[in-house]
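Engineer: Model the structure of this input:
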Amino acid sequence: MKEPLPITKWHPTTVKEMQRHGWDQPDVVFFSGDAYIDHPSFGTAMIARVMESAGMKVAVVPQPNWQDDLRDFKKFGEPKYFFAISAGCMDSMVNHYTAHKRLRSNDAYTPDGKAGFRPDYPTVVYSKILKSIYPNVPIIVGGIEASLRRLTHYDYWQDKLMPSILHTSGADLLVYGMGEKAIETICKHLLNGGNFDDFKSFPQVGYIRAIDNNCSKDNQQNIINLASHQKCLDDTKVYAENFKIIETESNKMFASTLVQKTFDSEVVINPPYPTLTTNEIDKYYDLPFTRLPHPKYNKRGAIPAYEMIRHSVTIHRGCFGGCSFCSISAHQGKFISNRSEESIFRELKKITEMSDFKGNISDLGGPSANMYKMQGKDIEICKKCQRPSCIFPSICKNLNNSHKQLTNLYQKALQIKGIKRILIGSGVRYDLLYAGQNMSNDGREYAANLIKNHVSGRLKVAPEHTEDNVLNCMRKPPYFLYQNFAKYFVEENRKNGQNQQIIPYFISSHPECTLNNMLELHQKTSKDNTLTEQIQDFTPTPMTLSTAMFYTGINPYTGKKVYVARDMEEKRIQKSFFFIKERTKRIEIENFLSKNNRSDILKQIRGFQNPKRPYKK
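Structural biologist: Below is the predicted model of the structure:
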C-alpha cells in the first residue's frame with residue numbers, strides 16, 4: 001500500500017496548510033463553488049496549477065460558507081495580488097434546479113453528493129462578499145458561469161434579461177472561455193511589476209469602462225458596438241440581433257472586440273486568444289496534478305463527479321457541432337485544440353500507477369468523443385468562415401473528418417503496460433462517420449473498432465429528436481441518419497457475438513417542438529423499439545441560440561417566428577410523452593389534451609398501440 005501524499009502536494013486550503021508551504025501570505029486566493037479536486041478535468045485545479053506554474057502562491061477556498069460570520073472569506077486575509085472566483089464546473093443554476101425549476105437534492109461536485117454547499121450564482125455572491133470586506137483588492141472572475149454571462153443574457157430562473165455579470169458581481173475583470181493562457185499572462189505580468197489596469201488591453205478578458213462620447217477608437221474596424229442593455233430590454237428583436245452578432249463572433253477564428261453600453265458605463269469584451277496549440281495544451285495538462293480530491297474530504301464520502309472521471313483522459317477541447325442548445329463552442333471555442341499522443345500517454349501512465357486502477361480507462365474523449373485532430377484542410381478558408389457548425393446542415397467540404405489518427409491513438413494506448421481496456425464514455429457524433437447518407441470507409445473502420453473494442457456495453461449518442469422541423473432548429477442531422485447508425489450498431493454486435501445497447505439522448509420542449517412533434521417522436525421511437533430512457537426537458541442556459549429563441553420567440557438568423565413551449569405545464573406534458581406507456585403519465589397527457597381542446601392528438605394517442613411494446617398498466 002502506497003504512503004499517502006504529503007498535504008503540500010495540494011494548494012493550501014487553510015492557514016495551517018499555508019504555513020506548511022512556508023508562506024506568510026498568498027499571492028492569490030481562489031474561491032470555488034466546487035469541492036477541491038486536483039485533477040485536470042476540474043477547472044479550479046487547472047487554473048490553480050497554471051497560476052502556480054507562472055510563479056504565484058495560490059491558496060484555494062472550496063465551497064466557502066456564505067451564511068455564517070464569513071470566516072472562510074477572511075481566513076487568508078488580503079492576497080498580494082488578487083482574488084479569483086469560479087462558480088465551478090457547472091452553471092450553478094443548472095446544478096441547483098431542474099428544467100421545471102424544482103430544487104435538486106444532490107450536487108455531484110460535493111462530497112457524498114450533498115446539496116446546499118454553494119449558493120445560487122456563487123460568482124456574484126462570493127464577489128460581493130469579498131468586495132464588502134476587501135474593497136481595494138482586485139477580483140477576477142471566470143469559469144463557465146461567468147463566461148456565459150459576459151454580456152446581456154436571458155436568465156431562465158429569473159425569467160428576465162440580465163446585464164453582464166461584471167455589473168451584478170462588481171468584479172474588476174472577467175476571464176472568459178478556457179482561461180489558462182489568459183490567467184497565465186495576467187500572473188506573469190503582475191509578477192513582473194505590471195499594473196492591474198494594463199489588462200484592459202489583454203485578449204480574452206472583459207471589463208467595465210466609463211463612457212467616453214468623444215472616443216473615436218470604437219469606429220475602428222475590429223470593434224463592434226452592440227445594442228445597449230436597455231435597448232435589449234425594450235425590444236426582443238434587438239436582443240435577437242445582438243445574440244446573432246455575439247454568436248457569429250464567437251465562432252470566428254479572429255473575432256472583434258464587443259462593446260455594449262450598460263446603464264451608465266460600457267462592458268468591453270476583448271477577442272479571445274487563438275486556439276491553443278498542441279504544445280500549449282500539453283504544457284497545461286502536464287502540470288503536477290495529484291489527480292486526487294484534497295485529503296480534507298477523506299471521511300466525508302465520495303465526490304460523484306470525480307468518481308465518474310478519475311480514470312479518464314481529455315484528449316481535445318472545442319466542438320464544431322454548433323448545436324443550438326449547447327454552449328461548448330461559446331466557452332471552449334469552435335476550433336479543436338488537440339493534445340499530443342505523448343502527453344496523453346504520459347497521463348495514461350500516471351493512471352496506471354494509481355492504487356485503485358484495475359486496468360480499465362473509462363474514457364479517452366472530449367466534448368465530442370470523435371473530433372480529435374479534425375480541422376479544415378485549408379486553414380485560410382477557416383480564417384474567413386463564420387459558420388456556427390462545420391457539420392450542419394451538411395459536413396463542410398473543407399473539413400478533414402478522418403478518424404484514422406483517433407483509431408491509431410486507441411490502438412497505441414492499449415499497448416501501455418497495465419491498461420487492459422479503453423472505453424469511450426463521451427458521446428459520439430455519428431454524423432461525422434457519414435459521407436451523405438452512407439457511412440464513409442474511414443467512418444466504418446472507426447465505428448467497427450469502437451463497437452467491438454471500446455464500448456462498455458452502452459454507447460451514448462444524441463439524435464435529440466425525430467422531427468425535421470425541430471432538428472433543423474437544433475442544428476442536428478435528420479433522424480434517419482441515427483436509424484442507419486443504430487442498424488449498423490446492431491449488425492456489428494451480431495457479427496461480434498456481443499449484446500450491447502445504443503443509448504440515444506432526446507430533448508423535449510425545445511423551441512419549435514410542439515405536442516404533435518412529441519407524439520410523432522413517441523410513435524417513431526416505439527415503432528423502432530428505440531430506448532427513450534436518456535431524456536431531458538429543454539433548459540434555457542445563457543448564451544445559446546436555443547435560449548435566444550426561447551426568450552424572443554424568433555430565430556435571430558431568419559427573423560421568423562418559432563413556436564416556444566414556455567408554459568411550465570406544457571413543458572411537463574411534452575416530457576411525459578417519453579413515458580406515455582406508463583398508465584399514470586398517459587392519463588396526465590390525456591387530461592391536459594382534453595382541457596386544451598386537443599382532440600386531434602387525443603384520438604391518436606387512444607388509437608395508437610404497439611403490439612410489441614404495449615402500454616404498462
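Engineer: Report pLDDT for D442.
Structural biologist: pLDDT recorded at D442 is 93.
Engineer: got the CA positions of whichever helix or strand it is part of in PDB?
Structural biologist: Using DSSP states H and E, the element containing D442 is helix 441-453. The C-alpha trace of helix 441-453 is given here as PDB (Å, rounded to 0.1, in the frame of the first residue of the first chain):
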ATOM      1  CA  ASN A 441     -14.900   3.900 -45.400                       C
ATOM      2  CA  ASP A 442     -13.000   5.800 -42.700                       C
ATOM      3  CA  GLY A 443     -16.100   6.200 -40.600                       C
ATOM      4  CA  ARG A 444     -16.900   2.500 -40.900                       C
ATOM      5  CA  GLU A 445     -13.400   1.500 -39.800                       C
ATOM      6  CA  TYR A 446     -13.700   3.700 -36.700                       C
ATOM      7  CA  ALA A 447     -17.200   2.600 -35.900                       C
ATOM      8  CA  ALA A 448     -16.400  -1.100 -36.200                       C
ATOM      9  CA  ASN A 449     -13.300  -0.800 -33.900                       C
ATOM     10  CA  LEU A 450     -15.300   1.400 -31.500                       C
ATOM     11  CA  ILE A 451     -18.200  -1.100 -31.200                       C
ATOM     12  CA  LYS A 452     -16.100  -4.200 -31.000                       C
ATOM     13  CA  ASN A 453     -13.400  -2.900 -28.600                       C
END
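Engineer: List the contacts of it.
Structural biologist: For helix 441-453, the external contacting residues (Cβ atoms under 8 Å, 6 or more residues apart in numbering) are 370, 401-404, 406-407, 410, 421-422, 424, 428, 430, 432-435, 439, 459, 485, 488-489, 492-493, 496, 498, 500. For the C-beta atoms, the positions are set from N, CA and C on the backbone; glycine is no exception.
Engineer: which element follows it toward the C-terminus?
Structural biologist: Helix 441-453 is succeeded, C-terminally, by strand 458-464 (DSSP H and E).
Engineer: Output the contacting helices and strands for whatever helix or strand comes next after that following strand.
Structural biologist: With elements assigned by DSSP H and E, the helix or strand that comes after strand 458-464 is helix 468-474. Judged by 3 or more Cβ pairs under 8 Å, 6 or more residues apart in numbering; DSSP states H and E, the packing partners of helix 468-474 are strand 458-464, helix 545-552.
Engineer: Pick the most deeply packed of those.
Structural biologist: helix 545-552 (a mean of 25; mean count of other Cβ atoms under 10 Å).
Engineer: sorry, back to before: filter the contacts of helix 441-453 to the buried ones?
Structural biologist: 370, 401-403, 406-407, 410, 422, 424, 428, 430, 432-434, 439, 459, 485, 488-489, 492-493, 500 (16 or more other Cβ atoms under 10 Å).
Engineer: Export the helices and strands packed on helix 468-474 as a markdown table, with columns for mean pLDDT and distance to V564.
Structural biologist: Listed next are the helices and strands packed on helix 468-474 as a markdown table, based on pLDDT from 0 to 100; distance: least, Cβ to Cβ, whole Å:
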| stretch | mean pLDDT | distance to V564 |
| --- | --- | --- |
| strand 458-464 | 95 | 17 |
| helix 545-552 | 98 | 5 |
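Engineer: Of those, give the one that comes closest to Y154.
Structural biologist: Of all those, it is helix 545-552 that lies closest to Y154, at 4.1 Å by Cβ to Cβ.
Engineer: same for that closest one, what does it pack against?
Structural biologist: Judged by 3+ Cβ pairs under 8 Å, 6+ apart, helix 545-552 is in contact with strand 153-155, helix 236-250, helix 468-474.
Engineer: ok, now with 7 Å
Structural biologist: With contacts defined as 3 or more Cβ pairs under 7 Å, 6 or more residues apart in numbering; DSSP states H and E, the packing partners of helix 545-552 are helix 236-250.
Engineer: got the contact list for the helix or strand following the helix it packs on?
Structural biologist: Sequence order places strand 257-262 as the next helix or strand after helix 236-250, per DSSP H and E. With contact meaning Cβ atoms under 7 Å, 6 or more residues apart in numbering, strand 257-262 is reached by 151-152, 163-164, 167, 211, 218, 222-226, 228-229, 246, 249, 266-271.
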